[in-house]
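J.: No letters, just coordinates:
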């Protein structure tokens, strides 16, 4: 069997009862029996179906919208446009009003093909769709611009009034003396500069954008939606509808994938809410797959200029990079991608000097936003390939050069980040061993590697939330079972299970004793949600704190009950409350709970926990590290690529859920390989040319290579039980590793994504022409 | 449009529905009979989230006219368990963590069930398993855990002694 | 959304043909519907009547004899062809082709007749059946006609079949001794339709020279294209890789592929040539064995 579990658990120094054991996902039964109800499945009495009319123009003024004919169609109940809204410009970067630039149902003009202009509610989906053809929109078409390097020119059309040169956001990151280091390299070092073009990518969640809004006569709004953060949508919807947050309830029990595309307000939520508020009836909007492709947000396409200097012995001196990203029509999370790309472009190495200037430029295309990896896959594609080429140019060993410059424990990225745990060197050692053990792979086939490091949640509060980033409440019932209320969102990555594991370990019980409640703002505490790889570290810390609080309250009674000498400590493990020094002395957890509740006048034991990073640098409280190797073979006559194997040495601190970790590795690899050589979003004058699953190619089972993981165990002081992120960092290295495999196999440098057969053949032809000269 | 009476069997029970003849099997299953385990993820018969079994054969129910299953037996993910006892494939999926968001899972289970039934008593190579689920897209797992789960069942690891 | 239609369910082939004769171009035929339902859902095809022949057992059969060869009823599913022992034994290239056609779910319900009637230029069966010298029999209420498959397809999604006719049967002759047939399509995902494809059949004389060859390109024009100039080049020649390369070059010239986002015209021509060269070698070696 190709992809054996190389370790069914992972090596660790500590033997835990629950952590790092194979447990079934707590949502497993619901998901494997068809019982799990997604927003896609929600139906309510009297529910109407909504459909959205979208702009056919990339840039146009809306002169008039006449929907009188649509209203005459039998079965149509209402039509809304921007005029039925408060016209509030919203955005997820709430702290900076200039970045809140999107009305969703715009009042004055449309800025991309597919932008919503009107929404219909009708008794059936079919009637709603037919009604769209009866809405007349008069547009005044404006000149449009599609590429950032065109949009930034003086003569380009202005997309947002008052935004000069269409420059939406800029980011400057710098440390050390960059110019000095380059001067040194010019004397007796080595400098290389290259341009790269990184494509967009679509999240392509199995469940498309969906929402069911239900506004009731008591002035309350309930929205079922497919989201990565119920709290964000509660706050954003309340904001655009002029309601109190407390009068908005968002429910997201089961979510069919997110990958970074589902924590901004989208048209399914907004339009269904506006319609429902108008009618006081439930309205359901589900995007078709085509709509999901053309009118949601995508991974940010980036143009990177990278200039790097190193000594002739491979010591890194400086890097100076400039990046232009295609922001599309609105800001969204693109501002964060701009910053993170520039930051992780320096990872995982020590530089004497580093300078990055990022420019996010508006264009008349669908907005670009966060997608798993958040700008780092693009950054690594450039960085790790250029490093490989420089090693080749200088005749140096690429493993040795990476190891020589790698981050180490307790390193400070000047003014940016403090690295605590760091297994980067060990990762390099393991992959070097693995790659060399494979020996000669034959013609047209080679291994390529890439290192990287990634954040475990961000320290920024651009959302301007007044709440702790993560919170948790645990309530212990009389029979010892416990209700764990968390705000973190399970979107398939298994956070419910991770939290249940952490809770069970801390409380000293079994996973089946913990009932996780998430995805409902009426019952769960606020949490920033599932993005930026934050939940294991941040929500995990909150859960640990809550359970330690509850355990302390329980143990107070046990100390009294057992009359112990003051020097002895108690703990709970496997439902056994015991003296740590003498584990045979103790009592059953279930008995202690009953006594404790009785002693508290019948009150259940409640523990509270929360976490917000403080004074943790500019980016993140902790960083995962990894090196990935891709074994690829190229057909020299057709350019077609076959991936034989993907091996990753990975440091996520303490693995919490081994089955989950392997799932994250394999899932990340399939998505990142797709980015590397299959998936693309070609456009023609702002029109997406492949908005369906026939023409948008994603990896399926026959293309998926065997994958393996070598766990490098470190202990991260900032994380619960030493844990750091796993699953998003894993998308970062793959495109670069594949590019390096192609370079090592065929001697060609791929500077453009995706690495298609045609691009490979073109590079081979150019190489041949160069050689004959 | 005049509606037609359709009699079909779903998960071992007989049902009658009145439908417009253009109704797809997936619409009968989800909207008329309320079995929402089966999902839809595309309009081009590409994703496989709507996979159900007709007899022992897997089909994409978004691409079958409901009237064509008159008198036939349809099984959905809800029909795999018997009185609360999960099928071997379902248990194998739990053991291997062969799902994440779960949206493709119902369809994936039906493809796996059909594949295993067709190859009962024969060896099933890894290559055949991958080909057997080629019609089901999963965006979360990277497929390898699903392949391991199906392989475990094929190897007899869930046979009762 | 699919437009409303009147649903017709004939009890027999005879009844089906008389219904077709009555409704003609107002009527579309559905069997598995694996291609038809997609275009109906897009609103591109909106018939008044839909004639359902999926259940007509009269048209579902696979028969083979050493004289007349293979006869496939039109409503035989792709999966039935893929799993047929007699086809595996006598026409293994058909099994190999079906194995990579779309996904199992589609092959379980979709039919060979439906596939040929739809006439997608990227379809897999067309080029392979042409390489095998196959024919198709169509019939109306009044008559039956037989077409060699390389004359059956006339344009994108258009065949010689009239509106009042059904595809009844696909006929494939017994391959001559010392014949090899190979097929490969170029795609990025295993079972996708080919960006371009090549089906090659070679029959050898006893002295190892080529007696007869067929080279058929898929998705390189509005219909499968027989590269007759390359076929003629091979007759009388011996196994020679340089010859195969030359035939491939001709194939890359004698076709009309259309560029799209997946590949440029140049790439399609180039790969058509490469795959023709490779399939020629494969088919020839099969014939020699």
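T.: Right, received. Where do you want to start? Everything quoted here is computed from the prediction, not taken from an experiment. Numbers count the residues shown, from 1 in each chain, chains lettered A, B, ... in the order given.
J.: From here on, just use CA atoms for contacts and neighbour counts.
T.: Will do.
J.: domain ranges for chain B?
T.: Taking automatic domain parsing as the criterion, chain B consists of the domains B:4-79, B:88-154.
J.: Kindly compare burial across the ones you listed and name the winner.
T.: With neighbours taken as mean count of other CA atoms under 10 Å in any protein chain shown, those reach their highest mean count in domain B:88-154, at a mean of 24.
J.: chain center to that one: distance?
T.: 11 Å (CA atoms, centre = their mean, to the nearest Å).
J.: Could you save the domains of chain B as a markdown table and add columns showing distance to chain C and mean pLDDT?
T.: Formatted as a markdown table, the domains of chain B follow (distance: least, CA to the nearest CA, whole Å; pLDDT from 0 to 100):
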| stretch | distance to chain C | mean pLDDT |
| --- | --- | --- |
| domain B:4-79 | 4 | 97 |
| domain B:88-154 | 5 | 97 |
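J.: Redo those domains as JSON lines? Include distance to chain A.
T.: Compiled in JSON lines, the domains of chain B are given as follows (distance: least, CA to the nearest CA, whole Å):
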{"stretch": "domain B:4-79", "distance to chain A": "4"}
{"stretch": "domain B:88-154", "distance to chain A": "3"}
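J.: Go ahead and name everything in contact with stretch C:281-289.
T.: Contacts made with stretch C:281-289 from outside it, assessed by CA atoms under 8 Å, 6 or more residues apart in numbering or on different chains, are listed as C:178-182, C:200-204, C:208, C:239, C:241, C:244.
J.: now do 7 Å
T.: C:178-182, C:200-204, C:244 (CA atoms under 7 Å, 6 or more residues apart in numbering or on different chains).
J.: circling back to that earlier point, out of the domains of chain B, which comes closest to residue A:495?
T.: Residue A:495 lies closest to domain B:88-154 among those, at 10.4 Å (CA to CA).
J.: now the closest residue to chain B within chain A, what's its secondary structure?
T.: Distances from chain A to chain B, computed as CA to the nearest CA, single out residue A:492 as the nearest residue at 3.4 Å. When the structure is reduced to helix, strand and coil (DSSP: H, G, I helix; E, B strand; the rest coil), residue A:492 reads as coil.
J.: I'd like the distance between it and chain C.
T.: If you measure residue A:492 against chain C using CA to the nearest CA, to the nearest Å, the figure is 25 Å.
J.: Then residue A:54?
T.: The gap separating residue A:54 from chain C is 17 Å, by CA to the nearest CA.
J.: tell me which residues of the lengthiest helix in chain C are tucked away?
T.: The helix spanning the most residues in chain C, taking DSSP state H as the definition, is helix C:265-288. Neighbour-count burial for helix C:265-288 flags C:267-288 (criterion: 16 or more other CA atoms under 10 Å in any protein chain shown).
J.: Tell me how many other residues surround the residue of chain A found nearest chain C.
T.: With CA to the nearest CA as the measure, residue A:638 is the residue of chain A nearest to chain C, at 6.2 Å. Residue A:638 has 19 neighbours, counted by other CA atoms under 10 Å in any protein chain shown.
J.: show me the contacts for the residue of chain A closest to chain B.
T.: Taking CA under 7 Å, 6+ apart as the definition of contact, the neighbours of residue A:492 are A:257, B:100-102.
J.: mind listing the strands for chain C?
T.: Taking DSSP state E to define them, one finds strands in chain C at C:6-8, C:27-30, C:49-52, C:62-65, C:69-73, C:135-139, C:144-148, C:153-155, C:158-159, C:166-172, C:179-186, C:196-204, C:210-218, C:225-226.
J.: These: which one's closest to chain B?
T.: Closest to chain B of the strands of chain C, according to CA to the nearest CA: strand C:6-8, at 6.4 Å.
J.: how much space between the residue nearest the centre of chain B and residue B:89?
T.: Nearest to the geometric centre of chain B sits residue B:110, at 2.4 Å (CA atoms, centre = their mean). Distance of residue B:110 to residue B:89, given as CA to CA, to the nearest Å: 9 Å.
J.: How about residue A:268?
T.: Distance check for residue A:268 against residue B:89: by CA to CA, it reads 35 Å.
J.: Residue A:750 now?
T.: The value you get for residue A:750 to residue B:89, if CA to CA is used, is 42 Å.
J.: Please list the residues of the stretch 101-250 of chain C that sit near chain A.
T.: Taking CA under 7 Å from any CA of the partner chain as the test, the list of the stretch 101-250 of chain C residues beside chain A reads C:189-190.
J.: Give me the most central residue, chain C.
T.: The geometric centre of chain C, computed from its C-alpha atoms, lies nearest to residue C:126 (CA atoms, centre = their mean), at 1.8 Å.
J.: what residues are up against that one?
T.: C:116, C:224.
J.: Nearest residue to residue B:86 in space, please, no chain neighbours.
T.: Counting by CA to CA, 6 or more residues apart in numbering or on different chains, the nearest residue to residue B:86 once its immediate chain neighbours are dropped is residue B:80, at 6.8 Å.
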